[in-house]
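>>> missing the sequence, but the structure's below:
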């Protein structure tokens, strides 16, 4: 919020870090934001597909599935359909008008309130016991170590399924529900009075969503035993908010929730894809990615960037499991937030003269606590997620030193300045 009110330009944390840390760290954050926005869009598309399956099941019967088996692969055609449609709309410059956005947001909030207040009547106190389920015994999968949380492995835990280790690991997974608030910052360049509007949008929406999320969680887990909400490997076993109502025989309510969720999640995926386009646009404008990606088409949109992002999101949403996508999103976003938190502190020391529409209180205490909190959540992600993240970062460094560093606009300007200075001295 402080960065967005100080540097109100497209690019979110990437642009802020460029102004604070320099090019290499900015590249790292930009590379991480690809995980947040693109992979996040793929993961939410999987959720959209699950709700679509519920709705189609009510219309055509229980045999309908949005996952097809082709040549030994599971193809999520529901998620693919959503990504293709939204990519087409974004390519042609389609934006949600303020009225349409307001209506859809109203539908989303109404569905959440419906779940809370209608579901309260079906809560059974026995479903809350035990509040923290006993740690599960190791299985052939969980005993390998790579599927445990890193903290569980370091602390000598046998597994991070349920128990205190599971509770801590779950907090790191639930973090996925709270990403996206920085999308507000990616559009700061297009916002009226961003110094005040952007911080209010970020902090206000975060507070409201937190209250609603906790309330929904308490109600749904109270309605049915938590085991019935577990999503298993069978595509037909994918669970949604509607599951709790179906289990209580209230199918009409489950149908209402599913239809509303389809509308709500559609805009979520659209905003995440739009945010990713903004990041790629900013990075290509700086020369860290091919400059051609920053070119806009006849509709005023970066068409090439939109198409490439759509293809990546479509592949991830169609062929990968949702839980693996979520964990990768979390680790990348948390790492980016660590650098942002440090950046606020550093920029305060380096440039105290900058005008800030919003100022984080108690600096450096708040930034330090934020860094520690993000590190803690990262430690409670699985070892396998850390290994994948390490591989992603190695790939990022290869791209940077093989292409981005040599084609950087800032780097070329600095090199030209050094040449000019040398020539002047000679």
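Received the coordinates, thanks. Values in this document were obtained by computation on a predicted structure and should not be read as measured data.
>>> Tell me where the stretch 251-400 of the chain has helices.
251-285, 303-319, 322-350, 365-379, 383-399 (DSSP state H, counting those that start in this stretch).
>>> Can you tell me which of these is nearest to residue 78?
helix 303-319 (9.1 Å; C-beta to C-beta). Using the backbone N, CA and C atoms, a C-beta is placed for each residue, glycine as well.
>>> got the buried residues for that closest one?
For helix 303-319, the neighbour count (16 or more other C-beta atoms under 10 Å) marks 303-306, 308-310, 312-314, 316-318 as buried.
>>> Dump the helices of the stretch 251-400 of the chain to a markdown table, plus distance to residue 71.
Putting the helices of the stretch 251-400 of the chain into a markdown table (distance: least, C-beta to C-beta, whole Å) gives the following:
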| stretch | distance to residue 71 |
| --- | --- |
| helix 251-285 | 27 |
| helix 303-319 | 12 |
| helix 322-350 | 21 |
| helix 365-379 | 37 |
| helix 383-399 | 25 |
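>>> worst-scoring helix or strand of this structure, pLDDT-wise?
helix 409-425 (a mean of 61; mean pLDDT, DSSP states H and E).
>>> Quick check: the closest residue to residue 210 other than its chain neighbours vs residue 244, distance?
Once flanking residues are discounted, residue 210 sits nearest to residue 178: 7.6 Å by C-beta to C-beta, 6 or more residues apart in numbering. According to C-beta to C-beta, to the nearest Å, residue 178 and residue 244 sit 22 Å apart.
>>> Neighbour count: the two, which is higher?
Per other C-beta atoms under 10 Å, whichever of residue 178 and residue 244 has more neighbours is residue 244, with 25 against 13.
>>> you'd agree that one is up against residue 119?
Yes - counting by C-beta atoms under 8 Å, residue 244 sits close enough to residue 119 to count as a contact (6.7 Å).
>>> Quickly list what's touching both of those two.
Taking C-beta atoms under 8 Å, 6 or more residues apart in numbering as the contact criterion, the common neighbours of residue 244 and residue 119 are 220, 223.
>>> follow-up on the earlier one: quick one, what contacts the residue nearest to residue 210?
Counted by C-beta under 8 Å, 6+ apart, residue 178 has contacts 206, 209-210, 213.
>>> Turn the helices of the stretch 251-400 of the chain into a markdown table, columns for mean pLDDT.
Below are the helices of the stretch 251-400 of the chain laid out as a markdown table (pLDDT from 0 to 100):
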| stretch | mean pLDDT |
| --- | --- |
| helix 251-285 | 88 |
| helix 303-319 | 91 |
| helix 322-350 | 86 |
| helix 365-379 | 94 |
| helix 383-399 | 92 |
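>>> which stretch among these comes nearest residue 137?
helix 383-399 (19.1 Å).
>>> Going by contacts, tell me the helices and strands next to that closest one.
Here helix 383-399 touches helix 23-34, helix 150-154, helix 322-350, going by 3 or more C-beta pairs under 8 Å, 6 or more residues apart in numbering; DSSP states H and E.
>>> State the separation between it and the centre of the chain it belongs to.
18 Å (C-alpha atoms, centre = their mean, to the nearest Å).
>>> low-confidence ranges in the stretch 151-300 of the chain?
The model of the stretch 151-300 of the chain has pLDDT under 70 over residues 158, 182-191, 194-195, 232-237.
>>> how about 80 then?
For the stretch 151-300 of the chain, applying pLDDT under 80 flags the ranges 152, 156-161, 179-199, 231-238, 296-300.
>>> Go ahead and confirm residue 260 touches residue 110.
Yes - counting by C-beta under 8 Å, residue 110 is a contact partner of residue 260 at 7.0 Å.
>>> the more surrounded of those two?
More crowded of residue 260 and residue 110, by other C-beta under 10 Å: residue 260, with 22 against 13.
>>> show me the contacts for the closest residue to that one other than its chain neighbours.
Nearest residue to residue 260 in three dimensions, chain neighbours excluded: residue 111, at 3.7 Å (C-beta to C-beta, 6+ apart). Shown in contact with residue 111 (C-beta under 8 Å, 6+ apart): 256-257, 260-261, 264.
>>> pLDDT score for residue 111?
Reported pLDDT at residue 111 in the predicted model: 93.
>>> Work out for me the element it sits within.
Assigned by DSSP states H and E, residue 111 belongs to helix 98-119.
>>> could you give the angle of that helix to helix 251-285?
If you take axes from the mean of the first three to the mean of the last three C-alpha atoms, to 10 degrees, helix 98-119 sits at 140 degrees to helix 251-285.
>>> quick one: buried residues of helix 98-119?
Buried residues in helix 98-119 (16+ other C-beta under 10 Å): 104, 107-108, 111-112, 114-115, 119.
>>> can you check stretch 130-139 too?
So, applying 16+ other C-beta under 10 Å, buried residues of stretch 130-139: residue 135.
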